[in-house]
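[1] pasting the sequence and the predicted coordinates here, then a few questions.
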Amino acid sequence: MMIKNFRSQKSPQTATALKRGFVRVVLVLVFCVAVLIGFWALTKLGPRDVDVADIDTSSYEITDAMRQLNENSIILESDFEEIISLRAPNADDIEILKKALDYQIKYIDAIPGYDIEGDLRLKVLQERYADYASLPILERSRSYEIEADALSEAKDYLMAYERMKAASELQKQINEQFPNSPYANASRATLLQRKSRYLIAEPIYQESMDLEKAADRMAGAEKWQDAEAKLKEAIQIQLDINRSYRGSKQSSALRLELLKKKLLAIQSGQSNLEIIKIEKNADALKKQGEVLDSAHCYQEAARLQGELNKSYPESPHASSDKVNYFLRKAQTAQSFELGRTIEANHEQLQQLLGERRTYDATELIAQLNQNIQYMQDAYPRSSLYDQELKLKMSYLTIIKNDLGFIQDRVYDMLLPIPEVDAWQMVKTEVTQVLYQFIMGENPSRNKGETKPVDSVSWLEVKEFCKRLSWILGKPVRLPTEHEFRQALGPLRYIVLEEHAWSFSDAKEVVRPVGLKKPFASGYFDLLGNVSEWLESIDQFEDEDAFHIGGHAGDRVEVIFSVPRRTTSRAERNRFTGFRFVVNQG
């Protein structure tokens with residue numbers, strides 16, 4: 001019973017296993033059959049035996065007709081070669097070369113493959129034909145250009161334009177039909193176009209020029225309206241040229257502007273001539289002594305010039321400077337008598353100061369100041385108003401109470417210079433107290449009233465001399481080197497230490513003037529103490545100035561050589577001072 005049960009339990013599993021095995025076998029068989037079928041199909045698609053007799057080769061062969069095309073081209077080219085060996089080719093000859101080229105093109109197009117030699121020959125033929133075919137065209141173009149230039153010289157601009165245009169078209173034909181020809185030239189085509197534009201614009205431009213010349217003639221004859229009309233026509237033509245023929249030689253923005261300025265000049269010319277006429281009349285009245293009438297004329301000229309400036313601001317006759325010019329001449333004429341009075345009083349003041357009549361000079365200074373102030377207030381544009389004289393009078397007014405004192409001090413210090421006429425020099429260096437009196441300041445670093453002033457530049461010293469000349473009424477300046485050496489005299493037999501402060505005794509400290517012995521001529525401290533500025537008579541204004549004599553910082557042997565040094569005119573130095581000379585002639 002147990003065995004039976006066992007068999008009954010196993011039998012379904014065994015059946016299932018058998019089924020699976022059977023399916024696997026079937027699948028393997030199907031796969032093998034499929035592989036065999038695939039191999040068979042491949043054998044059918046692979047190379048097969050071909051019968052050469054069955055192939056059609058007619059489409060790959062060069063036929064006799066094709067060869068005939070090539071032979072025709074060669075024959076024609078040979079004929080052309082024979083012709084050019086005998087003479088220059090004409091149009092019919094070039095046509096032979098053109099037929100040779102056409103046959104070669106047909107041959108290349110007809111053959112089934114690629115013929116390297118035939119293609120190379122085609123290119124050669126194309127180049128030769130372009131050269132020979134374009135040369136006659138170029139020659140005609142050049143001939144037209146030469147004719148056009150000759151016609152232009154004869155001023156037959158219309159015919160010249162037609163010839164130049166034809167030359168341009170022929171060059172353009174070469175450039176388009178034979179681009180590989182050596183005669184193709186884009187630059188020449190552009191040049192011919194420009195020359196064509198010139199020829200068509202030139203007669204129009206000449207018309208404008210003629211109108212301008214006519215306007216000039218009419219303006220010279222003072223026919224202002226006719227001149228204006230002609231010039232407006234010339235301007236309009238130039239404007240049209242600039243618009244229509246831009247880039248041509250005749251197109252000119254500059255000429256247009258010049259014509260416009262000339263138009264303004266003509267439009268304002270009548271007013272300008274009236275102004276010139278009035279000015280000439282004013283000048284004549286002034287020469288006749290009619291200064292007030294001339295002043296009125298100058299004022300009228302200034303008024304008319306102002307109106308011209310307002311109406312024609314771009315005119316070449318417009319000028320604000322001319323208005324000021326006429327006003328200045330008007331005020332100069334109006335102030336003529338006052339100017340003469342001031343001039344006479346100034347000359348008298350110079351005489352009074354030169355004669356040391358300082359009391360009378362003081363009264364005249366006050367009167368001159370009043371006159372000059374009135375001139376400044378009433379006639380500020382007058383050329384008779386002297387700003388320098390104004391400064392002089394202002395200065396003399398400030399020190400008028402000290403004029404006599406300063407003059408006495410200066411004259412007491414003057415000594416004649418040996419072998420020098422007219423000029424006298426102060427016997428000591430200018431002291432700080434005198435400099436303070438004249439300049440109102442003391443820039444010295446070595447302070448002391450009786451010490452020489454130092455730390456003054458050449459420019460400041462010249463200002464001192466100018467002010468002192470105002471006080472004295474006589475020319476005052478620095479001494480020249482010659483004057484200085486004449487005052488110094490020979491040094492052979494003197495003991496320099498007795499006359500000059502040097503490093504050995506001054507120890508770089510500037511001493512009061514006049515403490516040591518004077519030189520033979522009576523002058524003190526010409527050497528040592530401070531070096532002294534000289535008049536620069538041989539120097540340009542932008543060059544350095546000289547000072548001479550050495551100073552308290554120099555050794556005796558250096559001072560004995562009478563050193564002359566150069567320094568910037570604006571430089572200040574604690575060892576540099578000065579003395580001055582006065583003209584007593």
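    Right, received. Where do you want to start?
[2] only C-alpha atoms for contact and neighbour calcs from this point on.
    Will do.
[3] chain center to the helix or strand hosting Leu256, what's the gap?
    If you go by DSSP states H and E, Leu256 is part of helix 253-267. In terms of Cα atoms, centre = their mean, to the nearest Å, the centre of helix 253-267 is found 25 Å from the chain centre.
[4] ok, now stretch 398-407?
    On the basis of Cα atoms, centre = their mean, stretch 398-407 is displaced by 55 Å from the centre of the chain it belongs to.
[5] can I take it that Ser382 is in a strand?
    No - counting by DSSP: H, G, I helix; E, B strand; the rest coil, Ser382 is not part of a strand but coil.
[6] how does the protein divide into domains?
    67-184, 202-267, 269-334, 337-398, 404-583 (automatic domain parsing).
[7] secondary structure class for the spatially closest residue to Glu429 that is not a sequence neighbour?
    For Glu429, ignoring the flanking residues on the chain, the nearest one in space by Cα to Cα, 6 or more residues apart in numbering is Arg579 at 4.8 Å. When classified by three-state DSSP, Arg579 comes out as coil.
[8] now do the contacts for Arg579.
    425-426, 428-430, 478-479, 532-533 (Cα atoms under 8 Å, 6 or more residues apart in numbering).
[9] would CSV of the domains of the chain with mean pLDDT and distance to Cys32 be doable?
    Below are the domains of the chain laid out as CSV (pLDDT from 0 to 100; distance: least, Cα to Cα, whole Å):
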stretch, mean pLDDT, distance to Cys32
domain 67-184, 88, 51
domain 202-267, 89, 91
domain 269-334, 92, 112
domain 337-398, 95, 131
domain 404-583, 95, 121
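[10] how about the strands in the stretch 351-500 of the chain?
    414-416, 423-426, 476-477 (DSSP state E, counting those that start in this stretch).
[11] which of the ones you listed sits closest to Ala154?
    Closest approach to Ala154 among the strands of the stretch 351-500 of the chain is made by strand 476-477 (75.8 Å; Cα to Cα).
[12] how far does that closest one sit from the chain's center?
    The answer for strand 476-477 is 45 Å, by Cα atoms, centre = their mean.
[13] again, but for stretch 202-215
    33 Å.
[14] list the contacts for Ser141?
    Per Cα under 8 Å, 6+ apart, neighbours of Ser141: 166-168, 170-171.
[15] kindly report the same for Ala201.
    241, 245, 248, 250.
[16] tell me which of the residues you listed fall in helices.
    Among the contacts of Ala201, DSSP state H puts Ile241 in helices.
[17] who touches the helix holding Leu256?
    With Cα under 8 Å, 6+ apart, helix 253-267 has contacts from 219, 224, 227-228, 231-232, 234-235, 238-239, 242, 312, 314-317.
[18] give the buried subset of the residues you listed as a PyMOL selection command.
    Buried residues among the contacts of helix 253-267 (16 or more other Cα atoms under 10 Å), as a PyMOL selection:
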select buried, resi 219+224+227+228+231+232+234+235+238+239+242+312+315+316+317
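[19] which one of the contacts of helix 253-267 sits closest to Asp402?
    Nearest member of these to Asp402, counting by Cα to Cα, is His317, at 54.7 Å.
[20] please save the CA atoms from stretch 201-212 in PDB.
    These are the backbone C-alpha positions of stretch 201-212, laid out as PDB (Å, rounded to 0.1, in the frame of the first residue of the first chain):
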ATOM      1  CA  ALA A 201      31.400 118.800 -63.400                       C
ATOM      2  CA  GLU A 202      34.100 121.100 -64.800                       C
ATOM      3  CA  PRO A 203      32.000 123.400 -67.000                       C
ATOM      4  CA  ILE A 204      29.500 123.800 -64.200                       C
ATOM      5  CA  TYR A 205      32.400 124.700 -61.800                       C
ATOM      6  CA  GLN A 206      33.800 127.100 -64.300                       C
ATOM      7  CA  GLU A 207      30.400 128.800 -64.500                       C
ATOM      8  CA  SER A 208      30.500 129.300 -60.700                       C
ATOM      9  CA  MET A 209      34.100 130.700 -61.000                       C
ATOM     10  CA  ASP A 210      33.100 133.100 -63.700                       C
ATOM     11  CA  LEU A 211      30.100 134.300 -61.500                       C
ATOM     12  CA  GLU A 212      32.500 134.800 -58.600                       C
END
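[21] would you mark the buried spots in that stretch?
    Result for stretch 201-212 [16+ other Cα under 10 Å]: buried residues 201-205, 208-209, 211-212.
[22] OK, contacts around Leu349?
    Contacts of Leu349 (Cα under 8 Å, 6+ apart): 361, 364-365, 473.
[23] same check, this time on Ser457
    Ser457 is in contact with 569-573, counting by Cα under 8 Å, 6+ apart.
[24] of the residues you listed, buried ones?
    Counted by 16+ other Cα under 10 Å, the contacts of Ser457 give 569, 572 as buried.
[25] all helices of the stretch 101-250 of the chain, in order?
    116-153, 157-177, 186-220, 224-244 (DSSP state H, counting those that start in this stretch).
[26] could you dump the ones you listed into TSV and include distance to Gly528?
    Formatted as TSV, the helices of the stretch 101-250 of the chain follow (distance: least, Cα to Cα, whole Å):
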stretch	distance to Gly528
helix 116-153	87
helix 157-177	91
helix 186-220	76
helix 224-244	79
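[27] among the ones you listed, which is nearest Leu414?
    It's helix 186-220; of the helices of the stretch 101-250 of the chain, that one is closest to Leu414 (Cα to Cα) at 68.9 Å.
[28] thinking again about what came up before, after the helix holding Leu256, next one along is what?
    By DSSP H and E, the next helix or strand past helix 253-267 is helix 269-287.
[29] contacting residues around that following helix?
    222, 224, 291, 293-295, 297-298, 300-301, 304-305, 308, 317, 333.
[30] if we can go back for a sec, go through the contacts of helix 253-267 and say which is closest to Val33.
    For the contacts of helix 253-267, the nearest to Val33 is Asn242 (96.3 Å; Cα to Cα).
[31] ok, now how distant is the closest one from Arg303?
    39 Å (Cα to Cα, to the nearest Å).
[32] and what of Lys230?
    30 Å.
[33] neighbour count winner among those two?
    Lys230 (20 against 16; other Cα atoms under 10 Å).
[34] now the end-to-end length of stretch 537-555.
    Using Cα to Cα, first and last residues of stretch 537-555 are 29 Å apart.
[35] buried residues in that stretch, which are they?
    544-555.
[36] in a strand, Lys99, correct?
    No - assessed with three-state DSSP, Lys99 is helix; it does not lie in a strand.
[37] neighbours around it, how many?
    15.
[38] my read: it touches Asn70, true?
    No - if you go by Cα atoms under 8 Å, Lys99 and Asn70 don't touch, sitting 11.5 Å apart.
[39] quick revisit: turn the contacts of Arg579 into JSON lines, including neighbour count and distance to Lys195.
    Conversion of these to JSON lines gives the following (neighbours: other Cα atoms under 10 Å; distance: Cα to Cα, whole Å):
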{"residue": "Met425", "neighbour count": "26", "distance to Lys195": "83"}
{"residue": "Val426", "neighbour count": "22", "distance to Lys195": "85"}
{"residue": "Thr428", "neighbour count": "22", "distance to Lys195": "87"}
{"residue": "Glu429", "neighbour count": "28", "distance to Lys195": "84"}
{"residue": "Val430", "neighbour count": "22", "distance to Lys195": "83"}
{"residue": "Leu478", "neighbour count": "23", "distance to Lys195": "74"}
{"residue": "Pro479", "neighbour count": "23", "distance to Lys195": "76"}
{"residue": "Glu532", "neighbour count": "30", "distance to Lys195": "78"}
{"residue": "Trp533", "neighbour count": "30", "distance to Lys195": "74"}
